[in-house]
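>>> when you get a sec, could you give me coordinates for this:
(2 chains)
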Number of protein chains: 2
Amino acid sequence: VSTLPHEFAIIDWFRNCMATSSMPRLELGIGDDTAVVAFPDPVHALFAVDVLLEGVHFTVSDTTPEAIGRKALAVNLSDIAAMAGRPIAAVVGVALNRQHGFDFAKQLLRGMHQVAEEFGVVIAGGDTNIWDGPLVVSVSVLGEATHRGAVRRNGAKVGDWVLVTGGLGGSRAGKHLNFRPRVDEALTLHERVELHAMIDISDGLCADLAHILEESHVAAILNQTAIPLSEAAHAANDDRCALDHALGDGEDFELLFTVSPQDGNTLLQSPPFSLPITHIGEIVEGQDCQLRTDSGELSPLAPEGWQHQF
Amino acid sequence: VSTLPHEFAIIDWFRNCMATSSMPRLELGIGDDTAVVAFPDPVHALFAVDVLLEGVHFTVSDTTPEAIGRKALAVNLSDIAAMAGRPIAAVVGVALNRQHGFDFAKQLLRGMHQVAEEFGVVIAGGDTNIWDGPLVVSVSVLGEATHRGAVRRNGAKVGDWVLVTGGLGGSRAGKHLNFRPRVDEALTLHERVELHAMIDISDGLCADLAHILEESHVAAILNQTAIPLSEAAHAANDDRCALDHALGDGEDFELLFTVSPQDGNTLLQSPPFSLPITHIGEIVEGQDCQLRTDSGELSPLAPEGWQHQF
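I've put the predicted structure just below:
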């Protein structure tokens, strides 16, 4: 294992890596007091931060530095996707443990760089630190809303359909590290239909739906039989059923959104991309979330998820 | 000590605090997937991150949570100042230790909020985490260049004067926590004269000057007798003299910049603000930094600072 050099050496190495990326909007990248990003037109800038902590969001022993770097940027891109915006640039704050070698640092940054390239995002700057504590990767992202505006959490309307992309549950088995943020899908949806409210599923289906309901001052009924269960949810070999996993597990990073029934029908009849879109419920008046079970009964659904009782 | 509630309770508390701040450019603050900041005109956005780590940048026992919060935002504002830009919004990633009470979290965020209000900056979003590790505060800032553009590190020209604001050295005694970022001073300088290169002194006078010299492909000679020694540099009761402290200590967060001799004279003859500006040296050809001692001899000056030898 190579020893960890001075932070300047890590920054220089990464600056050279990034030099091969072309990004016309980046006027000034790594190597000054701030990055400079051009917004040539008036814009609604999107701005967010996500912190990944060793032992909380990942364990170093169970994964690779590349995957950690990948996830650190991808969770931020997922936030931009949730607003149906375009990501532009990211800045990266890292606290590396002194025991990690230079190779570890390089792999971490390489993983991040790969996601950046995939999504046309530039890593514009950072703050690299070396300490004796656990690994911390804090990424902030700068994006822009499209001409249709940013899609917020507060626009769900009574009568809306609730839809979700992909399959849900069991992301701990792997998807939480290698998920693909739904940036392109969100932009496509935003073009095709009028998105009333949207969020990415990071805390879990119930918890994230609760955020939409609270901000929109509405309630929802989800249909048990409609919830798209992922293979990982089925495969999870524990005391919770696949549905529990799909309702309660976090970090699927799928899009959860509401649209008019008409727009919902459009999306189901002419799918705009290969990733499945599923109609899982409706927005109703009130402030609670309920699950319509396969027997047709309504059962309360707490934001923490749902405890299978039969 | 109050126990630490769920992170959502901390976020809700802070969202209510921020609700009293008015910031017309903030279209959407805490409570969605990203913040939305309006740039009504084409702009060169400034974007940076700084991470503060317990045990590296502060110790919890030697300071207050307010001071830590204050510093976490202030170091970012200092980065914007170094580009002679205007700060607009910040997002805050925090990892709170489980042992810290709710009061600790509130005080930390309050300290940050106070600096934000002082400088007309809005805290637009964040990511709050609770863990068993040391306190981590990662702040990212979004700003904008003025119509005169961002001042970079790479514009120093042979013949330029090297100037610095304030007094240097010994910031560990207190200034590193309670410094005032030179945002207003940088904007005033940028209006009055043509700033060729600028940086804020975070790593130390020699180290930060070295960044300017490297990016600008020039050298510098500093005059020993001209270096403005702070009271704290004189008061430091250790084996290094005041000059050593002024040359080598970091975290003074003063502005270090170069201008033409004509502009330098203008600034000295008609000081644009009460904070002292001192002419400490000249930009010359080459790539090393040297110190002209009081006897007139030239002595090499390493980026790490200067070791007093007599």
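
>>> and the strands in the stretch 1-150 of chain A?
Secondary structure of the stretch 1-150 of chain A (DSSP state E, counting those that start in this stretch): strands at A:26-28, A:35-39, A:43-53, A:86-97, A:122-131, A:136-144.

>>> dump the ones you listed to TSV, plus mean pLDDT, mean neighbour count and distance to chain B.
To be clear about C-beta, it is placed using only N, CA and C from the backbone, and glycine gets the same treatment. Shown next, in TSV, are those (pLDDT from 0 to 100; neighbours: other C-beta atoms under 10 Å in any protein chain shown; distance: least, C-beta to the nearest C-beta, whole Å):
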stretch	mean pLDDT	mean neighbour count	distance to chain B
strand A:26-28	90	20	6
strand A:35-39	94	23	5
strand A:43-53	96	26	4
strand A:86-97	96	25	4
strand A:122-131	92	24	5
strand A:136-144	97	28	4
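
>>> and the residue of the stretch 201-310 of chain A nearest chain B?
Across the stretch 201-310 of chain A, no residue is closer to chain B than A:Glu215, which sits at 6.8 Å (C-beta to the nearest C-beta).

>>> hang on, isn't that residue packed against B:Leu28?
No: assessed by C-beta atoms under 8 Å, A:Glu215 is found out of contact with B:Leu28, at 10.8 Å.

>>> joint contacts of the two?
Shared contacts of A:Glu215 and B:Leu28 (C-beta atoms under 8 Å, 6 or more residues apart in numbering or on different chains): A:Arg152.

>>> how about A:Ala242: what's its closest non-neighbour residue?
Excluding its sequence neighbours, the residue lying closest to A:Ala242 (C-beta to C-beta, 6 or more residues apart in numbering or on different chains) is A:Ala233, at 4.1 Å.

>>> dump the residue contacts of that neighbour.
Neighbouring residues of A:Ala233 by C-beta under 8 Å, 6+ apart: A:167-170, A:242-243, A:245-246, A:249.

>>> give me that answer again for 6 Å
Listed by C-beta atoms under 6 Å, 6 or more residues apart in numbering or on different chains, the contact partners of A:Ala233 are A:169-170, A:242, A:245-246.

>>> can you tell me the SS state at it?
Classification of A:Ala233 using DSSP: H, G, I helix; E, B strand; the rest coil returns helix.

>>> check it and give its pLDDT.
A:Ala233 carries a pLDDT value of 95.

>>> distance check, it against A:Val49.
Using C-beta to C-beta, to the nearest Å, A:Ala233 is found at 29 Å from A:Val49.

>>> look up how far B:Val91 lies from A:His57.
18 Å.

>>> for A:Ala72, same thing?
15 Å.

>>> if we can go back for a sec, which of the contacts of A:Ala233 lies closest to A:Asp294?
Distance ranking of the contacts of A:Ala233 against A:Asp294, using C-beta to C-beta, places A:Ala242 first at 13.3 Å.

>>> list the contacts of that closest one.
A:Ala242 makes contact with A:229, A:233-234, according to C-beta under 6 Å, 6+ apart.

>>> now these in TSV, please, with extra columns for distance to A:Ile280.
Listed next are the contacts of A:Ala242 as TSV, based on distance: C-beta to C-beta, whole Å:
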residue	distance to A:Ile280
A:Leu229	11
A:Ala233	14
A:His234	17
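
>>> am I right that the residue of the stretch 201-310 of chain A closest to chain B sits in a helix?
Yes: under three-state DSSP, A:Glu215 falls within a helix.
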